[in-house]
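Novice: below: sequence and its predicted model.
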Number of protein chains: 2
Amino acid sequence: MKPTKRQIIFKTAAKLFREKGYKATSMRDLAKEVGMEAASLYNHIQSKQEILSTLLLDAAKTFMVGIKEVEENNVCPIHKIEQLISLHIHMAVENSDAISLITQEWRHLEGNAFQEFKNQRKDYEKRFKSILIAGIEQGKIKKVNPDVALFSILSTLRWFYAWYSKKDGISIPELEQQFSEILIKGLQQ
Amino acid sequence: MKPTKRQIIFKTAAKLFREKGYKATSMRDLAKEVGMEAASLYNHIQSKQEILSTLLLDAAKTFMVGIKEVEENNVCPIHKIEQLISLHIHMAVENSDAISLITQEWRHLEGNAFQEFKNQRKDYEKRFKSILIAGIEQGKIKKVNPDVALFSILSTLRWFYAWYSKKDGISIPELEQQFSEILIKGLQQ
């Protein structure tokens, strides 16, 4: 299906926000890149802020829907963590520009969108930590500090998009297997 | 020993660069925070750029000296990685402001300092990767993709300072033990 003008605008904006930063990207830059008059952009979108908040809240929603599905799966916590690693890898490979905004440009969200994004992130982390704690309680995960474990996994998954953009020749299944192995089972033989 | 004026200026600059960013910090901000006239600052330092490059190249040097020491230790690669985890944790706890500049503000380095910093980082990563590869060859580390393993460890260690600044109640020995456990031995029971 052919993308709509609005979809093209969002996709192009994500790329520009990633390359130049949200603040340094003007509506004029965006119009030029999309091949429209700046004034015509406003037939499709309200503001630069609307674009940023839509991109970020859509990404946040995909992660929230994903983790809720994982929670409902009747599998052991280790397998749930594997599914979350896979979710992060797919998102970063398939929506690399939008995902890059999560680590850097979210600070430029304003008002409700800023609060909403922070709440979603907090909720996501809380749910991820609960899976780790369940794993510890069920004896599937070692008695580690769950905050250290959560930070350790998420710092890797959050910066994956930047690392991946400089790599080639690793398939998604291979990435899923490697990151699950390393993040869950560790390095030591 | 009482710190010199120059040391106070560097320490204060690191804090300001971290809080406001290098670009947004003026020499006037720095003079005010140190309690000097802006003109007098130049009796102690040459420029804002000199401060940034000194802070970053000093930190880079400490990491390079650290990894060279680790390389020379006659211990197994797993133990070398534990020593590097410990190096990162100590640096981040003891020089938190300067370390924060490594992930964010290094982009503002100019000329030779920019190149020098990038070379040092590349050299550090190469040495770290060699330790991982030696571990794989010696059968101490699983046959994982060494690039994935390196990225996974370093993404966690690089963002540790930011995570740590929001935590309390974890001692350095406990942090060393937890991060070594999680990054090397994994989560799975």
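Specialist: Right, received. Where do you want to start? In this text, all values refer to a predicted model and were calculated from it rather than measured experimentally. Residues are numbered from 1 along each chain as shown, chains lettered A, B, ... in the order given.
Novice: buried ones in stretch A:111-127?
Specialist: Neighbour-count burial for stretch A:111-127 flags A:113, A:117, A:120-121, A:124, A:127 (criterion: 16 or more other C-beta atoms under 10 Å in any protein chain shown). (Glycine included, C-beta is placed from N, CA and C.)
Novice: an error on my part: the question was meant for stretch A:57-64.
Specialist: Using 16+ other C-beta under 10 Å as the test for burial, stretch A:57-64 gives A:57, A:59-60, A:62-64.
Novice: can you redo those residues as TSV with secondary structure and distance to chain B?
Specialist: Below are the buried residues of stretch A:57-64 laid out as TSV (DSSP: H, G, I helix; E, B strand; the rest coil; distance: C-beta to the nearest C-beta, whole Å):
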residue	secondary structure	distance to chain B
A:L57	helix	23
A:A59	helix	19
A:A60	helix	20
A:T62	helix	22
A:F63	helix	18
A:M64	helix	22
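Novice: so what secondary structure elements neighbour the lowest-mean-pLDDT helix or strand in chain A?
Specialist: When each helix and strand of chain A is scored by mean pLDDT, DSSP states H and E, helix A:38-41 comes last, with a mean of 91. Secondary-structure packing of helix A:38-41 (3 or more C-beta pairs under 8 Å, 6 or more residues apart in numbering or on different chains; DSSP states H and E): helix A:27-34.
Novice: contacts for the helix it packs on, please.
Specialist: Helix A:27-34 is contacted by residues A:8-9, A:12-13, A:15-16, A:20, A:37-38, A:40-41, A:48 when judged by C-beta atoms under 8 Å, 6 or more residues apart in numbering or on different chains.
Novice: A:K20 - how many residues pack around it?
Specialist: Look at A:K20: counted by other C-beta atoms under 10 Å in any protein chain shown, it has 12 neighbours.
Novice: what's next to stretch A:8-21, contact-wise?
Specialist: For stretch A:8-21, contacts defined as C-beta under 8 Å, 6+ apart pick out A:3, A:25, A:29-30, A:33-34, A:41, A:44-45, A:48, A:51-52, A:54-55, A:95, A:97-98, A:100-101, A:104-105.
Novice: contacts for the least confident helix or strand of chain A, please.
Specialist: The contact list for helix A:38-41 (C-beta under 8 Å, 6+ apart) reads A:9, A:27-28, A:30-31, A:34.
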